[in-house]
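Chemist: Here's my sequence, what's the structure:
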Amino acid sequence: MPKGLVAIAALAALLSVAFASLASAADHRDSPTPTGNPGADISDVFVFRSPETPSNVVLVINSSPFIAPVDNATASFDSSARFRVHVDNDGNLADDVRIDIRKSGNSIIVEGAGNAFGVEVSPAGGEPIVREDGGRRLFAGLRDDPFFFDIPGFQAFLMNRETPVNGLRAAGGGDPIDAFGGTNVLSIVLEVPVTALTGGADADSGAVAIWVSSETSGGQRQDRMAQPIFNSGLIPPDPEAKEAVNQASPSGDTAAYLETVIGTIGFLRGVADEALGGAQGGGPLGDLTPPVLGEALVPDVINVDFAQPLAFPNGRQLSDDVIDLTFGVVMNRGGAAGVSDGIDANDRAFLSTFPFVAEPHGEGAAPGPITPPDTGDGGVLSSGTSWALSGAFLAIALTFGGAAALATVRSRR
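Modeler: Residues are numbered from 1 along each chain as shown. This is a model prediction of the structure:
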């Protein structure tokens with residue numbers, strides 16, 4: 001084994017997991033099936049209150065990650081894929097509301113929760129085509145990938161455990177880099193009344209748990225997504241295990257994955273202590289133990305309480321810096337002892353009007369093709385590099401997932 005991978009081998013031993021496959025960032029390429037079917041690969045899900053119509057909630061579902069600008073013209077929604085938004089509004093992790101989204105011809109069709117309308121897919125590089133129907137709005141087309149994170153800096157932090165001086169980078173490690181800068185995704189943006197999800201009487205009350213799945217037109221599940229990086233890192237990178245997660249529902253997550261999550265949070269805190277020095281001072285919500293975080297981290301759903309402001313981890317806005325917030329929670333460090341990756345905003349400005357997601361990068365945005373970050377292929381390949389990447393992204397998963405638990409933690413304290 002190359003010397004540079006010794007730290008990752010140790011991590012694998014401590015966690016009793018064979019990190020033999022590549023992992024990914026956010027939910028980009030989390031297992032072989034969605035990796036082999038990019039049109040059904042759900043890379044991110046965002047849930048936030050509409051800044052234009054506060055009584056509405058906006059759902060953003062991104063797929064087909066890592067589209068380089070030179071490939072914009074050929075990027076297309078998959079007519080054989082269907083996305084399903086699952087909404088639990090009574091706390092039993094069963095669907096109370098379902099919204100199905102599919103492609104028909106050159107249009108995206110939405111059905112469920114009072115929806116039965118569609119919109120033509122916006123042309124790459126053209127003005128967004130927006131369909132409005134009874135207070136609901138819909139957009140589908142190419143957009144900038146809103147996920148931002150210095151992945152190489154975090155990989156170095158995890159493996160070398162050196163004191164960071166510039167973001168997560170140690171002295172001589174260079175400047176932080178947004179590994180997702182310059183890449184595009186296919187976005188579906190749906191805006192509906194809050195009450196269509198909660199079943200309540202007004203837009204300022206009610207709570208829901210949301211997750212999104214994708215499947216083929218024949219009904220074969222491809223992917224599922226809620227919290228960033230749940231499957232791609234929290235689950236041991238065995239292709240069969242990851243496929244099983246994508247075939248399952250959140251109702252089984254606690255029994256299957258809670259103990260693994262608790263143990264890994266504890267290990268990750270040890271890595272941070274070694275690199276940062278000093279005692280843990282508590283994160284943004286205080287000194288929370290790994291079991292408390294673990295119990296809130298699982299199952300994999302986005303919790304949204306409409307009686308509270310909607311910002312990560314109560315939902316997720318496009319501009320939320322989930323990295324810095326979750327570092328503080330999972331590493332149990334906040335304030336002056338807090339940790340940041342040094343990337344505080346997306347590489348393109350988000351829109352103030354619907355569809356809100358930033359405009360896509362055009363082919364002339366950079367000199368030549370943009371190479372997507374090396375975040376893995378969901379276990380399709382295997383090499384020495386796989387060990388380093390899989391170990392790094394296991395920790396990334398915990399970092400992201402920990403913050404998604406904050407809203408639930410608040411309700412339990």
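
Chemist: Show the residue spans covered by the helices in the stretch 151-300 of the chain.
Modeler: 151-160, 194-198, 239-247, 253-276, 290-297 (DSSP state H, counting those that start in this stretch).

Chemist: how about those helices, which one is nearest Asp78?
Modeler: Between Asp78 and the helices of the stretch 151-300 of the chain, the tightest spacing by Cβ to Cβ is seen for helix 239-247, at 16.1 Å. Every C-beta, even on glycine, is put in place using the N, C-alpha and C of the backbone.

Chemist: Could I get the buried residue list for that closest one?
Modeler: Under the neighbour-count criterion of 16 or more other Cβ atoms under 10 Å, helix 239-247 has 239, 241-243, 245-247 buried.

Chemist: Please compute how far that helix lies from its chain's middle.
Modeler: 17 Å (Cα atoms, centre = their mean, to the nearest Å).

Chemist: Tell me which stretches of the stretch 101-250 of the chain form strands.
Modeler: Under the criterion DSSP state E, counting those that start in this stretch, the stretch 101-250 of the chain carries strands at the ranges 107-112, 115-120, 131-133, 136-144, 184-193, 207-216, 221-225.

Chemist: got a list of what the nearest residue to Ser104 once chain neighbours are set aside touches?
Modeler: Closest residue to Ser104 apart from its sequence neighbours, by Cβ to Cβ, 6 or more residues apart in numbering: Gly118 at 6.9 Å. When contacts are counted by Cβ atoms under 8 Å, 6 or more residues apart in numbering, Gly118 touches 104, 107-110, 131, 138.

Chemist: Tell me where the model's unsure across the stretch 151-300 of the chain.
Modeler: For the stretch 151-300 of the chain, applying pLDDT under 70 flags the ranges 229, 232-237.

Chemist: at 90 instead, please
Modeler: Along the stretch 151-300 of the chain, segments meeting pLDDT under 90 span 151, 154-160, 216-220, 222, 227-248, 256-272, 275-288, 293-294, 296-297.

Chemist: ok, how many other residues are close to the residue lying closest to Gly281 once chain neighbours are set aside?
Modeler: The shortest distance from Gly281 to any non-neighbouring residue, by Cβ to Cβ, 6+ apart, is to Ala337 (5.1 Å). The number of residues packed near Ala337 is 18, by other Cβ atoms under 10 Å.

Chemist: Then the one 10 residues further on?
Modeler: Other residues within reach of Asp347 by the criterion other Cβ under 10 Å amount to 17.

Chemist: do the one 10 residues further on as well
Modeler: Residues near Val357, counting by other Cβ under 10 Å, number 27.

Chemist: which residue sits closest to it in space, ignoring its chain neighbours?
Modeler: Arg143 (4.1 Å).

Chemist: which ones are touching the one you found?
Modeler: 62, 184-187, 355, 357-360.

Chemist: wait, which of the residues you listed is closest to Ala201?
Modeler: Set against Ala201, the nearest of the contacts of Arg143 by Cβ to Cβ is Pro355 (28.1 Å).
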